[in-house]
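Novice: Sharing a sequence plus its predicted fold:
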Amino acid sequence: MATTKRAAVKPLNTTPAGIRKASEAEKARKAASKKALHAAIEAEKKPVKPGPVEPTPEELQAKRDAEHAAYLQALRVDAEALGVDPEEYIAEQLKPVKTAYTGPMLALKTARKTYVKAKNGIQCNGDDLALLCGEFSREVVVKALIRALGLPSNPYTALNPGQQSMNLRNKARHALKNRVVTSAQIAAALQAASKE
């Protein structure tokens, strides 16, 4: 049997100063832990302040009613100061004011006055693509434009047929503008789709 030599056991290289330093570090760690524990216990003993209470729907309605009553009272004071009948004055002040529409759809409302009716009976803006597509039904236009634009499938299946046709025609206008497709290619796709 072979014998192996063992390495001699080396004593730890600790000096009395090193032991003292490690002991002081351990005492400081324990003191910090104890202090944190006592702080957590004291925090639990303190009462927690409740947050703002959400008003109930009844309280909100009561507040609205009180504000409205105060507003009506202010209108009555104004009417007396002006020397007019309070009820007529209040009715006049509470009447909603109608204002003319000035939003982004105003341009569409204005442009619609120049629309023409295509052969399929649907109004369009009268450009070449609209008149070309206006000779066919919406379903045919959708199939043809998907084919002409080289799309793998209809990206607008979540929309109704009119919205699908509109979005695909807008894509086709963009493709025509960038010369990705030609009017002849779209016309050929429309003819092919109409015969299916």
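Specialist: Arrived safely, thanks for sending.
Novice: all strands for this protein, in order.
Specialist: For the chain, applying DSSP state E gives strands covering 116-117, 123-124.
Novice: so what secondary structure elements neighbour the last one?
Specialist: Spelled out, that is strand 123-124. strand 116-117, helix 128-133 (3 or more C-beta pairs under 8 Å, 6 or more residues apart in numbering; DSSP states H and E). Every C-beta, even on glycine, is put in place using the N, C-alpha and C of the backbone.
Novice: Relative to E80, which of the ones you listed is closest?
Specialist: strand 116-117 (60.2 Å; C-beta to C-beta).
Novice: How many neighbouring residues does E135 have?
Specialist: The local packing of E135 (other C-beta atoms under 10 Å) involves 15 other residues.
Novice: how far does the lengthiest helix in the chain sit from the chain's center?
Specialist: Ranked by residue count and defined by DSSP state H, the top helix of the chain is helix 16-45. Chain-centre distance of helix 16-45: 51 Å, with C-alpha atoms, centre = their mean, to the nearest Å.
Novice: Could you do stretch 54-68 as well?
Specialist: With C-alpha atoms, centre = their mean, you get 30 Å for stretch 54-68.
Novice: Give me the domain ranges for the chain.
Specialist: 58-94, 106-194 (automatic domain parsing).
Novice: With mean pLDDT and mean neighbour count added, can I get the helices and strands packed on strand 123-124 in a markdown table?
Specialist: Formatted as a markdown table, the helices and strands packed on strand 123-124 follow (pLDDT from 0 to 100; neighbours: other C-beta atoms under 10 Å):
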| stretch | mean pLDDT | mean neighbour count |
| --- | --- | --- |
| strand 116-117 | 86 | 11 |
| helix 128-133 | 90 | 18 |
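Novice: can you redo those as JSON lines with distance to H38?
Specialist: Formatted as JSON lines, the helices and strands packed on strand 123-124 follow (distance: least, C-beta to C-beta, whole Å):
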{"stretch": "strand 116-117", "distance to H38": "85"}
{"stretch": "helix 128-133", "distance to H38": "80"}
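Novice: pLDDT weak spots in the protein?
Specialist: 1-3, 9-13, 47-49 (pLDDT under 70).
Novice: What residues sit buried inside stretch 84-91?
Specialist: Using 16 or more other C-beta atoms under 10 Å as the test for burial, stretch 84-91 gives 89-90.
Novice: can you list contacts of it?
Specialist: Residues from elsewhere that reach stretch 84-91 (C-beta atoms under 8 Å, 6 or more residues apart in numbering): 72, 75-76, 78-80, 82.
Novice: among those residues, which ones are buried?
Specialist: 75, 79.
Novice: What is the most widely separated pair among the contacts of stretch 84-91?
Specialist: Top of the distance list for the contacts of stretch 84-91 (C-beta to C-beta): L72 and L82, 15.5 Å.
Novice: And for the nearest residue to L145 once chain neighbours are set aside, the neighbour number?
Specialist: Nearest non-adjacent residue to L145, counting by C-beta to C-beta, 6 or more residues apart in numbering: L168, 4.0 Å away. By the other C-beta under 10 Å criterion, the neighbourhood of L168 contains 24 residues.
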